[in-house]
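A.B. asks: quick one: sequence plus predicted model below, questions after.
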Amino acid sequence: MSGQPQDRYTLIGGNASPYSLKMRAHMHYRRLPYDWVLRSEENDHLLEGLRPVLVPVLKFPEDGSLHLDSTRLIYMLEERHSDDRSVIPGNPAHAFLAHLVEDMADEWVTKMMFHYRWAYEADIHYAARWIADDRSPNASDEEREKFAEFFTERQIGRMPLVGCTAENAPIIESGFHHILALLHADVGQYKYLFGTRPSIADLGLYGQLRTLSIDPTPMSIMREEAQRAESWLRQLDDASGIEGDWYGVGDLPPMTKGMITYCAEIYLPFLAANATAIERGEETFTADLDGKSYSQGVFRYQVKCLGELKARYKALPEEARSVVDDLIGEAGINILS
């Protein structure tokens, strides 16, 4: 890394934030020097002037500038540290597919995290007080309970906005079971989605699933159905000792192909339905996902996600696009073209 920043980064985040855990695992694997700062009331001043105030926040060592968005941060760090520990597969087709899976984790698997956390009483009680403890570690019991109640009410109120409704619960929960089954069948300490080393796709899934592995209800599901996947998540928390290679074209394991199929059949149609509704000026949309009806309010950020996926797909060399087309199928091709 000659000629590149050698001082320590500062990563400001939350232990209950899947995107913070994703970035922390990325920093570990990339062996990047950093200090972890748990965001709390006492250090809110570190984010003064930042808009929006979301975690994780990465502070650059050379100028103290603050940067947001875990996906964007990973690509920024890829440019700043161009060594052999990249999390972007070398093959263009696999690089696109890894981005697709990571995007799906950030925008769709996060619904699983949000659903389980705020739909079940044990999870509500645990998460609200966990977050309260991190936010105000010196609070009195009375203050802790007051914040937990406030935060619970706010988060439950947001559930319809992100599609975490009782009507959508079967689709969300079946997706969680499906992803666990795919990973449980194939993962290992030295086996990842696109190689014997972690990719951006693994990190995206890690952030959401690691949080799910801590909250009571999804934790019990994971330990009953997919303990190997839970072990893989623990190991991926710090993969700084992992050395590995990328799989060649045609060598992707079944779990990866299954994850790509899930993206093509569930995630891409979800993005397309949202974008179409916004184009029409509608406030809500309904999509047929896996034979079930899924409805929620429109979300403008996810139009940006679809636009970036389309741009990346269009920029692929013809040979790489052919590889992608074979894996995502006709429905996926139609959405991305």
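C.D. replies: Cool, got the structure. Since the model is a prediction, treat every value here as computed from it, not as a measurement.
A.B. asks: would you state the helices of the chain in chain order?
C.D. replies: Along the chain, counting by DSSP state H, helices occupy 18-30, 70-80, 92-104, 110-119, 121-135, 141-158, 169-186, 200-212, 216-225, 227-236, 254-262, 268-279, 301-314, 318-336.
A.B. asks: turn these into CSV, including mean neighbour count.
C.D. replies: The way it works is simple: take the backbone N, C-alpha and C, and place the C-beta from them, glycine included. Formatted as CSV, those follow (neighbours: other Cβ atoms under 10 Å):
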stretch, mean neighbour count
helix 18-30, 24
helix 70-80, 17
helix 92-104, 24
helix 110-119, 23
helix 121-135, 18
helix 141-158, 14
helix 169-186, 18
helix 200-212, 27
helix 216-225, 16
helix 227-236, 18
helix 254-262, 19
helix 268-279, 20
helix 301-314, 15
helix 318-336, 16
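A.B. asks: with mean pLDDT and distance to residue 45 added, can I get the ones you listed in JSON lines?
C.D. replies: Listed next are the helices of the chain as JSON lines, based on pLDDT from 0 to 100; distance: least, Cβ to Cβ, whole Å:
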{"stretch": "helix 18-30", "mean pLDDT": "98", "distance to residue 45": "19"}
{"stretch": "helix 70-80", "mean pLDDT": "97", "distance to residue 45": "22"}
{"stretch": "helix 92-104", "mean pLDDT": "98", "distance to residue 45": "32"}
{"stretch": "helix 110-119", "mean pLDDT": "98", "distance to residue 45": "28"}
{"stretch": "helix 121-135", "mean pLDDT": "97", "distance to residue 45": "15"}
{"stretch": "helix 141-158", "mean pLDDT": "98", "distance to residue 45": "19"}
{"stretch": "helix 169-186", "mean pLDDT": "98", "distance to residue 45": "37"}
{"stretch": "helix 200-212", "mean pLDDT": "98", "distance to residue 45": "26"}
{"stretch": "helix 216-225", "mean pLDDT": "98", "distance to residue 45": "34"}
{"stretch": "helix 227-236", "mean pLDDT": "97", "distance to residue 45": "33"}
{"stretch": "helix 254-262", "mean pLDDT": "98", "distance to residue 45": "41"}
{"stretch": "helix 268-279", "mean pLDDT": "98", "distance to residue 45": "37"}
{"stretch": "helix 301-314", "mean pLDDT": "98", "distance to residue 45": "27"}
{"stretch": "helix 318-336", "mean pLDDT": "98", "distance to residue 45": "43"}
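A.B. asks: which one of the ones you listed lies closest to residue 293?
C.D. replies: For those, proximity to residue 293 was assessed by Cβ to Cβ; helix 169-186 is nearest, at 8.6 Å.
A.B. asks: convert that closest one to CSV, retaining C-alpha atoms only.
C.D. replies: C-alpha atoms of helix 169-186 as CSV (Å, rounded to 0.1, in the frame of the first residue of the first chain):
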residue,chain,number,x,y,z
ALA,A,169,-44.6,-11.7,7.2
PRO,A,170,-44.9,-15.0,5.4
ILE,A,171,-42.7,-13.8,2.5
ILE,A,172,-40.1,-12.2,4.8
GLU,A,173,-39.9,-15.2,7.1
SER,A,174,-39.8,-17.8,4.3
GLY,A,175,-37.0,-15.8,2.8
PHE,A,176,-35.0,-16.0,6.0
HIS,A,177,-35.4,-19.8,6.2
HIS,A,178,-34.4,-20.1,2.5
ILE,A,179,-31.2,-18.1,2.8
LEU,A,180,-30.2,-20.0,6.0
ALA,A,181,-30.7,-23.3,4.2
LEU,A,182,-28.6,-22.2,1.2
LEU,A,183,-25.7,-21.1,3.5
HIS,A,184,-26.0,-24.0,5.9
ALA,A,185,-25.5,-26.5,3.0
ASP,A,186,-22.2,-24.9,1.7
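A.B. asks: between helix 268-279 and it, find me the angle.
C.D. replies: On the basis of axes from the mean of the first three to the mean of the last three Cα atoms, to 10 degrees, helix 169-186 is oriented at 140 degrees to helix 268-279.
A.B. asks: just put the helices of the chain in CSV and tack on distance to residue 62.
C.D. replies: Shown next, in CSV, are the helices of the chain (distance: least, Cβ to Cβ, whole Å):
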stretch, distance to residue 62
helix 18-30, 17
helix 70-80, 10
helix 92-104, 27
helix 110-119, 32
helix 121-135, 29
helix 141-158, 36
helix 169-186, 38
helix 200-212, 24
helix 216-225, 40
helix 227-236, 29
helix 254-262, 37
helix 268-279, 36
helix 301-314, 28
helix 318-336, 35
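A.B. asks: residue 290: which of these is closest?
C.D. replies: Checking these against residue 290 by Cβ to Cβ gives helix 169-186 as the closest, at 6.5 Å.
A.B. asks: which residues are contacting that closest one?
C.D. replies: 108-109, 111-112, 115-116, 119, 163-164, 205, 209, 212, 218, 221-222, 225-229, 232, 253-256, 258-259, 262, 266, 289-290, 292, 294 (Cβ atoms under 8 Å, 6 or more residues apart in numbering).
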